[in-house]
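*Asks:* When you get a sec, could you give me coordinates for this:
(one chain, ligands or ions: 1)
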Amino acid sequence: MAVAAGRPTEQEVPENPLTVGLERLPVAPTTLVIFGATGDLARRKLLPALYNLAHEGALPERFFLVGVSRKEKEDEDYRGECEEAIRRFSRRAPDEAVLKGLLDNVRYVPGTFDEDSVYTQLGEVLDGFEKEAGEPLNRAFYLSTAPSFFHVIVEKLGQSNLASHETADVRLIIEKPFGTTLEEARELNRRVLAIFEETQVFRIDHYLGKETVQNLMAFRFANGMFEPLWNRNYIDYVQITAAEDLGIGTRADYYDQAGALRDLIQNHMLQLLCHVAMEPPVNFAAEEVRNEKVKVLQAIPEPTAAEIPKMAVRAQYTAGHAGGEDVPGYLEEPGVPPGSNTETYAALRLEVDNWRWAGVPFYLRTGKRLARKVTEIAVTLKPVPHLAFSEGGSLGVQPNQLVLTLQPNEGVSLQLGAKIPGTRMKIRPVNMEFLYGTAFLSQSPEAYERLITDAMRGDATLFTRNDEVEAQWRICDPIVTAWESTPGPLPTYEAGSQGPEEANSLLRPGDRWRAI
Ligand code: BG6
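*Replies:* Predicted coordinates for the structure are as follows:
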């Protein structure tokens, strides 16, 4: 196989045992079409991800990219924009030859997504690529647009016969949010599945593409020592945190409609919960893994109106000090409507009512403008049944805690009780740690690199299935409805803080939120 320019040849790569097993999988020749090609996601994430795949030789040998967007512009102008985005946002400095190779195969189709002419022109461009390649090319349509266009584009693709191909695979990749209510999610599924088969559809949840989220499965199912403890007999409670120090930036339009529950809990955090709670799949095929995740979601009871105030807390940040600067409160952020009741913090206590987890609380919390950015899963084990140490020595004995950190400093840490050196039997917690950065000699790929590759390969394991997304909404919908019908003002927390006091009301006596 030819080595892409800029990559070291095999002879130049030093033998290193830590890199063993790191590899890229083959992908069939493909044309990727990005709808919303000039948007923020395309610029910040998709184009840099494509560049990095090209850099690693992980794109198919024949790879073409088409950008579709409203603004009128020439291919050359769009290529310039792609180049600018890659130079600015790529995780590695671009190699000129690799970048040129990628940009040479980029085209642009202008127009609004409901115009028939867009799809006619797109069809011509796709056919042109196939002629140039001398073979059929798989097609992947990536919907990176405002959600109101998802069904419009899907229907137009269907009407213009672009949803299938006689001799190649056609796939549809859909960004979040997948609906803003259960009803909307169902309706979108119905419209998408009227045109595409479920096996063609790849609903993105970028958390699933994170190495550390996939490592959760390796951690649970490739090690004999944790699984025997992984149940209600040994685990006291589970706490999942996705805290951010950033505010809403320039996304007020989107965020004020969404809020923290829809933005992070309905998708990313429920996915994390599923990975912690799922039964071992018989294999890692897409259907098997997703079947197990759906079972977890189905075991979470739909919250009733009476329970919601006791199991869900929301709040909004006020002005404070975060990320090293003084920052305004949510209501003072540009674009936020006066008096908005949108939550920038949400915390839930959920239960997974099944044999393994009955009675174990799963605490979830997320928020903008908290003390720092940290995403972690903390599993607290039950306390030891008896302390034989004298009172002074017992003070430092804490239940074991296993913390899986997704970001930053990806790794796993196990908190154990250890004797403090000295003549007395004094105990304090210490950490046994594994850090991704030091154990493997490679930078983790960005989530989108993995997800784009998998979608092009037709592997749906790391994508949300139709019933899964509806099962997520079944849990979140009643909370959204209750919150939207309860007038504010909301509880508040100062920017840069640990979040609202009210979050403590979700905890059982003795349980504690970890410091952010
Ligand atoms: C996105 C949300 O899905 O995830 C953002 O819309 C959030 O509001 C982001 O900031 C967090 O992703 P990550 O990968 O930085 O944890």
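
*Asks:* Let's verify the residue in the stretch 351-500 of the chain positioned nearest to the ligand: helix, strand, or coil?
*Replies:* Ranked by C-beta to the nearest ligand atom, the top residue of the stretch 351-500 of the chain for proximity to the ligand is residue 375, at 5.6 Å. (Each C-beta comes from the backbone N, C-alpha and C, glycine too.) Secondary structure, DSSP: H, G, I helix; E, B strand; the rest coil: residue 375 is strand.

*Asks:* quick one: it and residue 264 touch, right?
*Replies:* No - Residue 375 is beyond contact range of residue 264, at 9.6 Å (criterion: C-beta atoms under 8 Å).

*Asks:* Which residue comes closest to whichever residue of the chain sits closest to the ligand once chain neighbours are left out?
*Replies:* The ligand sits closest to residue 263 of the chain, with a gap of 4.8 Å, by C-beta to the nearest ligand atom. Among residues not flanking residue 263 along the chain, residue 255 sits closest, at 6.8 Å (C-beta to C-beta, 6 or more residues apart in numbering).

*Asks:* my read is that neighbour is in a helix, agree?
*Replies:* Yes - assessed by three-state DSSP, residue 255 belongs to a helix.

*Asks:* Quick check: the gap between it and residue 109.
*Replies:* 30 Å (C-beta to C-beta, to the nearest Å).

*Asks:* what's the distance between the helix or strand harbouring residue 49 and the middle of its chain?
*Replies:* Using DSSP states H and E, residue 49 falls within helix 47-55. Helix 47-55 sits 19 Å away from the centroid of its parent chain (C-alpha atoms, centre = their mean, to the nearest Å).

*Asks:* do stretch 373-381 as well
*Replies:* Using C-alpha atoms, centre = their mean, the offset of stretch 373-381 from its chain centre is 16 Å.

*Asks:* can you list the residues of this protein near the ligand?
*Replies:* Within reach of the ligand by C-beta under 6 Å from any ligand atom, the chain has these residues: 244, 263, 375.

*Asks:* what does the model give the last one for pLDDT?
*Replies:* What the model reports for residue 375 is a pLDDT of 97.

*Asks:* same check, this time on residue 286
*Replies:* Reading off the model, residue 286 has pLDDT 93.

*Asks:* what's the burial count for it?
*Replies:* 17 (other C-beta atoms under 10 Å).

*Asks:* Could I get the contacting residues of it?
*Replies:* Residue 286 makes contact with 459, 460, 461, 463 under the criterion C-beta atoms under 8 Å, 6 or more residues apart in numbering.

*Asks:* Filter those residues down to the buried ones and hand me the ChimeraX line.
*Replies:* Of these, the buried ones go into a single ChimeraX selection, burial set by 16 or more other C-beta atoms under 10 Å:
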select :459,460,461,463
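
*Asks:* Make JSON lines out of the contacts of residue 286 and add distance to residue 439, secondary structure and pLDDT.
*Replies:* Output for the contacts of residue 286, formatted as JSON lines (distance: C-beta to C-beta, whole Å; DSSP: H, G, I helix; E, B strand; the rest coil; pLDDT from 0 to 100):
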{"residue": "459", "distance to residue 439": "25", "secondary structure": "coil", "pLDDT": "94"}
{"residue": "460", "distance to residue 439": "29", "secondary structure": "coil", "pLDDT": "95"}
{"residue": "461", "distance to residue 439": "24", "secondary structure": "coil", "pLDDT": "94"}
{"residue": "463", "distance to residue 439": "28", "secondary structure": "coil", "pLDDT": "97"}
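
*Asks:* so which two of the contacts of residue 286 are the farthest from each other?
*Replies:* Among the contacts of residue 286, the pair separated by the greatest distance (C-beta to C-beta) is 459 and 463, at 8.6 Å.

*Asks:* can you tell me which residues contact the residue nearest in space to the middle of the chain?
*Replies:* The centre of the chain sits closest to residue 207, judged by C-alpha atoms, centre = their mean, with a distance of 1.9 Å. Residues near residue 207 by C-beta under 8 Å, 6+ apart: 213, 267, 268, 271, 272, 406, 447.

*Asks:* from those residues, which is closest to residue 154?
*Replies:* residue 267 (19.7 Å).
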